[in-house]
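S.K.: Fold the following, please.
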Amino acid sequence: MTKRGLTMGTIAAALLLGGCASMRDAPVAGSADPAVTTSHGTLRGTAQGDLNVFRGIPYAAPPVDDLRWAPPQPAAHWGGVRDASTFGPACIQPPVPPTSLYNDPPESSSEDCLNLNVWVPRDAEGAPVIVWIHGGSLRIGASSLPMYDGANYAQRGIVFVSINYRLGPLGWLAHKELSAESEAGISGNYGLLDQIAALQWVRENAAAFGGDPGNVTIMGESAGALSTTYLMVSPKARGLFDKAIIQSTNVRSFPELSEAANGMPSGEQIGADLLEKLGVADIEAARAMDAQQITIRATLAGFAPQGTIDGKVLPDQLNDVFDRGDQARVPVIVGYNAHEYRPVGGLGLRMPATPGQYEAMIQNTYGALTSDFLRIYPHEGGDDALLDATGDIIFGWSGERIAQSQDALGLPSYFYVFDHCYPSARARDLCAFHASELPFTFGNLAAKSLTEVWPVPDGAYDRAVSDAMLDYWTSFAASGRPHAARLPAWQPYGSAEHYVRFADKPLPGRNYKPGMFELHETFAAQQRAAGRSWGMPVGLNVAPPSDDT
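M.R.: Here you go, the predicted structure:
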């Protein structure tokens, strides 16, 4: 079997051989627009006030034809000056219902999508760098979405980079044939390898834009936070970043490459099942399919893009890596939103009519932990109690686990809870829903930055909350310590379990939601010991008993 793709070390070497950049922010002859010379050629960007912006920069070769389902390869060099005034296409993705809060389709998409964007202060020199990894369940999203405009970071002295990476089956399919093609004997995780290639590009080229390649912070939300967590455990990403900002991540169990484990089929089996559902005989035939069609059909077939534990890119289950202390030794800001599952319709969860029915429902799954569960999520909390339990199981436990793990290594870790609400969100019962912190962490609060159905921030405290988060985030990227003038000191998590709750202003506290972490940590361990998956809601939507027990 022929071997496709290069090792990540080879990619790094190829990038280095491209040569260092030598020209920064100088206007192209006959043009007022800024230019920069990167390891692959000269770019002409756009002046935006006191910032320079470069868009649609290729960081890897188009992953098409034989490079579909192969590690990313080095981008081609170009002669002359390449226009970098417009965003590149997003990666192929399925359509999202127009009623979705997250429906913000990119202007264009293509399989040739491995590009990134850079916002930079005009006179930057040795500036901190933030690399943004967008969310979207590893299925949708793009670096070009208006919400992710990086101008407010650049105005605070940051070189801000946002990246695209392969999504859906094109980015996360494992399959036995693909493993046979690989020099390392692995498959899947192509979207993660894209992110690693982008970070290698940033290390090589940050100085050309006025950034410090030795001070890079990775930052992501939801699937981007999960990706950031993957990068923390991946040996392939070691040394490519210095800090991490993780907004609503998950450390659940993931499929092993070749073996069924933890109640899940192997990644290769999941891939084989998908091809069978698509009526495709083999990988060669799958490579011949239209990229948009395979993405849509895979989505309809129930394919859930996720990382695969392959022993190389993802060496082990995330919890095991953190428990051994083998993750990246970097400071972190990590947290989640107080009501992650508040979107309209929630998860279809309904509180049983009586406390007895509720207790029986929880007892069926949580056993001896039932009393702890009921104390934290009491019957009188109604449907909200079940929704918040779901958010805590997935995101709260995961975030606090990472904070504890970094603290155990003697590293600064800062835990937060986003709990800010505003009139338009409150009117729709959408206070602190999943991703609702994004307009605030980016400072992009206007309707033009959001989807048509997003509740636009309209409260008296919104800009102050946003400025506080931007100040904390950017100071952390600069120094590893979040601080803001005239705002409360943010203490590291530590033995006192410090956190900051972002309500109408930052509110420091200790031991957020007592017992929450311990409950879900114990339950996850029990699930694993029983050979089941962990880190996802279990037993919260079981039909209650018919009697009033």
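S.K.: Setting aside sequence neighbours, what's the nearest residue to the residue nearest to the spatial centre of the chain?
M.R.: Geometric centre of the chain, nearest residue: Gly224, 0.9 Å, by CA atoms, centre = their mean. Sequence neighbours aside, Ile133 is the residue nearest to Gly224 in space, at 3.8 Å (criterion: CB to CB, 6 or more residues apart in numbering). C-beta: built from backbone N, CA, C; applies to glycine.
S.K.: From Ile130, how far out is Lys236?
M.R.: 21 Å (CB to CB, to the nearest Å).
S.K.: which of the two has more neighbours?
M.R.: Higher neighbour count among Lys236 and Ile130: Ile130, with 29 against 26, using other CB atoms under 10 Å.
S.K.: Select the longest strand from this protein.
M.R.: Secondary structure assigned by DSSP state E gives strand 211-221 as the longest strand of the chain.
S.K.: residue contacts, the residue lying closest to Gly271 once chain neighbours are set aside?
M.R.: Nearest residue to Gly271, sequence neighbours excluded (CB to CB, 6+ apart): His175, at 3.6 Å. Counting by CB atoms under 8 Å, 6 or more residues apart in numbering, His175 makes contact with Trp69, Ser187, Glu268, Gly271, Ala272, Leu275, Ile283.
S.K.: just checking, Ile296 touches Val96?
M.R.: No. In this structure, Ile296 is not within contact of Val96 by CB atoms under 8 Å, at 11.7 Å.
S.K.: Surely the residue nearest to the centre of the chain is within a helix?
M.R.: Yes. Judged by DSSP: H, G, I helix; E, B strand; the rest coil, Gly224 forms part of a helix.
S.K.: That one contacts Ser137, doesn't it?
M.R.: No. Counting by CB under 8 Å, Gly224 stays clear of Ser137, with 10.3 Å between them.
S.K.: host element of Asp388?
M.R.: Here Asp388 sits within helix 382-391, counting by DSSP states H and E.
S.K.: outside of that helix, which residues touch it?
M.R.: Under CB under 8 Å, 6+ apart, the answer for helix 382-391 is 336-342, 346-347, 349-351, 373, 376-379, 381, 434, 537, 540-541.
S.K.: same deal with stretch 337-354?
M.R.: Stretch 337-354 has contacts (CB under 8 Å, 6+ apart) with 101, 248, 358, 360-361, 379, 381-388, 390-391, 394-396, 417-419, 428-437, 501, 537, 540-541, 544, 548.
S.K.: State the mean pLDDT of that stretch.
M.R.: The average pLDDT for stretch 337-354 rounds to 83.
S.K.: How about stretch 414-421?
M.R.: The model assigns stretch 414-421 a mean pLDDT of 98.
S.K.: Where does pLDDT dip in this structure?
M.R.: The chain contains residues with pLDDT under 70 at 1-31, 343-346, 541-549.
S.K.: So in it, which helix runs the longest?
M.R.: The longest helix of the chain (DSSP state H) is helix 462-479.
S.K.: ends of stretch 241-259, how far apart?
M.R.: End-to-end distance of stretch 241-259 (CA to CA, to the nearest Å): 32 Å.
S.K.: Sorry, slip of the keys, the one I care about is stretch 350-361.
M.R.: End residues of stretch 350-361 are separated by 11 Å (CA to CA).
S.K.: Repeat that for stretch 88-98.
M.R.: One end of stretch 88-98 sits 23 Å from the other (CA to CA).
S.K.: Buried by neighbour count: which residues of that stretch qualify?
M.R.: If you call a residue buried by 16 or more other CB atoms under 10 Å, then stretch 88-98 has these buried ones: Gly88, Pro89, Ala90, Cys91, Ile92, Gln93, Val96.
S.K.: do you know how far the first one is from Leu240?
M.R.: According to CB to CB, Gly88 stands 22 Å off from Leu240.
S.K.: cool, the second one as well?
M.R.: Applying CB to CB, the value for Pro89 to Leu240 is 25 Å.
S.K.: Which stretches in the stretch 351-500 of the chain count as strands?
M.R.: 413-418, 498-502 (DSSP state E, counting those that start in this stretch).
S.K.: And the stretch 51-200 of the chain, by the same measure?
M.R.: Secondary structure of the stretch 51-200 of the chain (DSSP E, counting those that start in this stretch): strands located at 51-58, 81-83, 90-91, 109-110, 115-121, 127-133, 159-163.
S.K.: okay, the angle between the longest one and strand 115-121?
M.R.: An angle of 170 degrees separates the directions of strand 51-58 and strand 115-121 when computed by axes from the mean of the first three to the mean of the last three CA atoms, to 10 degrees.
S.K.: could you give the angle of strand 51-58 to strand 159-163?
M.R.: 30 degrees.
S.K.: which secondary structure elements does strand 51-58 contact?
M.R.: Under the contact definition 3 or more CB pairs under 8 Å, 6 or more residues apart in numbering; DSSP states H and E, strand 51-58 sits against strand 34-38, strand 46-48, strand 115-121, helix 151-154.
S.K.: Could you dump those into JSON lines and include mean neighbour count and distance to Asp316?
M.R.: Shown next, in JSON lines, are the helices and strands packed on strand 51-58 (neighbours: other CB atoms under 10 Å; distance: least, CB to CB, whole Å):
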{"stretch": "strand 34-38", "mean neighbour count": "23", "distance to Asp316": "35"}
{"stretch": "strand 46-48", "mean neighbour count": "15", "distance to Asp316": "44"}
{"stretch": "strand 115-121", "mean neighbour count": "26", "distance to Asp316": "29"}
{"stretch": "helix 151-154", "mean neighbour count": "22", "distance to Asp316": "33"}
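S.K.: wait, Ile186 sits on Ile309?
M.R.: No. When contacts are counted by CB under 8 Å, Ile186 is not listed as touching Ile309 (10.0 Å).
S.K.: In contact with Gly45, which residues?
M.R.: Applying CB under 8 Å, 6+ apart, the residues near Gly45 are Asp33, Pro34, Ala35, Val36, Asn52, Val53, Phe54, Arg55, Ala84, Ser85, Val118.
S.K.: Show me what the nearest residue to the second one once chain neighbours are set aside is bridged to.
M.R.: If you skip the residues right next to it in sequence, Pro34 has Asn52 as its closest partner in space, 4.1 Å away by CB to CB, 6+ apart. According to DSSP bridges, the partner residues bridging Asn52 are Ala47, Val120.
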